[in-house]
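K.L.:
The following block contains a protein sequence and its predicted model.
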Amino acid sequence: MTQVTVDTMLERAGTGRFQRRLLGVFGLVWTADAMQVLAVGFTVASIAASFGMEVPQALQTGTLFFLGMLLGASVFGRLADKFGRRKILLITVAMDAVFGIASAFAPDFTTLLVLRFLTGLAVGGTLPVDYAMMAEFLPPSRRGRWLVMLEGFWAVGTVLVALTAWAASSWGGIETWRVIFFVTGIPAVIGIFLRIWIPESPMHLLREGRADAAKSVLDQMLVMNGKEPTGTVQIALPQASSGEGIFSPGMIRRTLLMLAVWFLVSISYYGVFTWMPARLANEGFGFVRGYGFLVILALAQIPGYALAAWGVEALGRRKTLVSFLILSAAACLLFTLSTTPILIATALMVMSFALLGTWGALYAFTPELYPTASRATGMGAAGAMARLGGLLAPSVLVYLFIENTAMAIGLFSALLGLAAILAALIDAETRKAALS
């Protein structure tokens, strides 16, 4: 009997109706997760006013949310490698919907903190497993572009949460945070029912020794894409698929470098986008103020993703990532040197464009660095480092932002420059490489 690898079948299936539907389902929940994460910056002033406290105290909601994300990314990533992607996806998206919606009805600040922690736990578990699973349904020749397309739904969530905050503030109620949290939970509720359609990853099924189940999933994908089913061929993982742990001798160098890049990018990104919404909505920088400009900043992210989607396939994952990191660092430096609102607006626009292009390249690159047995664990570890950065950004840097915003952004410029150097040292380029 002829034996072929999963990637051979994925190339044969191409990217058709199956992948488009998968992208729609994952993209909806990715939008929901973006709204939940960025709601931290859009709700903090309203929460402070609602409960009669200062903004730094209200930022505990962000601190607990990112702590939950850190734990969720670590725990659920490992569980997905052990018990399967599909089960964990269903659990995490259900938690996201339930605790996210419940946050809007919190009767007191303590309850709100608990609910935001639990929502963060769910969101932290959803993100790395989504990416690992999406990567395992894509052919090597198109994987990078489609993974960046999935990451592009983050921009959709950013625009929606900015528009929601704008509409809620125009309504004039003091508790606009309740409206924002309720709206951010709606896509996750819809996602619960859509996720039921998604089958288990064939690569994970093969690793568990369930070859017939893996073949059935591949046949479903082939038929939906208008191709002939697998027939009598035997499906197998590549010989190298026995896998290595993310900290094994063969993997530890790239793991440590990549985790450092994730941490540096996240502390910079969350540092900017946790504080800028409140600053622009209230004080601003001359004409650079208000929710209208926040929507423009969100829209500036979309071409960043588009350029990253082109770059990861045309130039390679590593080169695209390094280029966007350098541009992000330059934009932050421009902000610190800007003396007029026009320059500040330009710096913020480029910053938004470049940072989200960075995320697109980072998410395309990372899952391809690990074999199937460790892919969700690797993405979970990366997600945990990102949440650690998100945890430190609103808590440790709070007083630096209050005292001198330009100095804080200057710090991010240096951190992003360091991230570019570390990314350049990663010993792999995974463009068009088969997953093992």
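P.N.:
In hand now; what should we look at? Numbers count the residues shown, from 1 in each chain.

K.L.:
which residues of this protein fall in strands?
P.N.:
3-5, 234-236 (DSSP state E).

K.L.:
Flag the helix or strand of this protein with the lowest per-element mean pLDDT.
P.N.:
The weakest-scoring helix or strand in the chain, judged by mean pLDDT, DSSP states H and E, is helix 398-403 (a mean of 68).

K.L.:
What is the burial count for Gly68?
P.N.:
For Gly68, the count of nearby residues is 25 (other Cβ atoms under 10 Å). All C-beta atoms are positioned from the backbone trio N, CA, C, and that covers glycine.

K.L.:
And it, what's its pLDDT?
P.N.:
If you check Gly68, the pLDDT there is 90.

K.L.:
for the one 5 residues further on, same thing?
P.N.:
According to the prediction, Ala73 has pLDDT 79.

K.L.:
Ok, Ala122 next?
P.N.:
For Ala122, the model assigns a pLDDT of 91.

K.L.:
For it, give its distance to Met9.
P.N.:
Note on Ala122: its distance to Met9, by Cβ to Cβ, to the nearest Å, is 32 Å.

K.L.:
Can you report how many residues neighbour the nearest residue in space to Thr366 that is not next to it in sequence?
P.N.:
In space, Thr366 comes closest to Ala382 once its chain neighbours are excluded; the distance is 5.3 Å by Cβ to Cβ, 6 or more residues apart in numbering. Using other Cβ under 10 Å, Ala382 is surrounded by 30 other residues.

K.L.:
what do you get for Cys332?
P.N.:
29.

K.L.:
check contacts around the residue lying closest to it once chain neighbours are set aside.
P.N.:
With Cβ to Cβ, 6+ apart as the criterion, Cys332 has its nearest non-adjacent residue at 3.6 Å, and that residue is Ser413. Taking Cβ atoms under 8 Å, 6 or more residues apart in numbering as the criterion, Ser413 is in contact with 329-330, 332-333, 336.

K.L.:
Can you turn the buried part of the residues you listed into a PyMOL selection?
P.N.:
A single PyMOL command selects the buried members of the contacts of Ser413 (16 or more other Cβ atoms under 10 Å):
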select buried, resi 329+330+332+333+336
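
K.L.:
Helices - which of the contacts of Ser413 land there?
P.N.:
329-330, 332-333, 336 (DSSP state H).

K.L.:
Lowest pLDDT pick from those residues?
P.N.:
Pick the lowest pLDDT in the ones in helices among the contacts of Ser413 and you get Thr336, at 90.

K.L.:
Show the contacting residues for the residue lying closest to that one once chain neighbours are set aside.
P.N.:
Leaving out its chain neighbours, the residue that sits closest to Thr336 by Cβ to Cβ, 6+ apart is Gly410, at 4.1 Å. Listed by Cβ under 8 Å, 6+ apart, the contact partners of Gly410 are 332-333, 336.

K.L.:
most neighbours per residue, which of the strands of the chain?
P.N.:
Sort the strands of the chain by mean neighbour count, taking mean count of other Cβ atoms under 10 Å, and strand 234-236 sits at the top with a mean of 16.

K.L.:
Distance check, the residue minimising distance to the centre of the chain against Thr92.
P.N.:
Nearest residue to the geometric centre of the chain (Cα atoms, centre = their mean): Leu127, 5.8 Å. As judged by Cβ to Cβ, Leu127 and Thr92 stand 9 Å apart.

K.L.:
and what of Gly27?
P.N.:
Using Cβ to Cβ, one gets 16 Å for the distance from Gly27 to Thr92.

K.L.:
out of these two, which sits in the more crowded spot?
P.N.:
Thr92 (28 against 22).

K.L.:
dump the residue contacts of the more buried one.
P.N.:
Contact analysis of Thr92 by Cβ under 8 Å, 6+ apart lists 72, 76, 122-123, 125-126, 129.

K.L.:
Among those, which lie within helices?
P.N.:
With DSSP H as the criterion, helices contain 72, 76, 122-123, 125-126, 129 from among these.

K.L.:
If anything else comes up later, I'll come back, but that's it for now.
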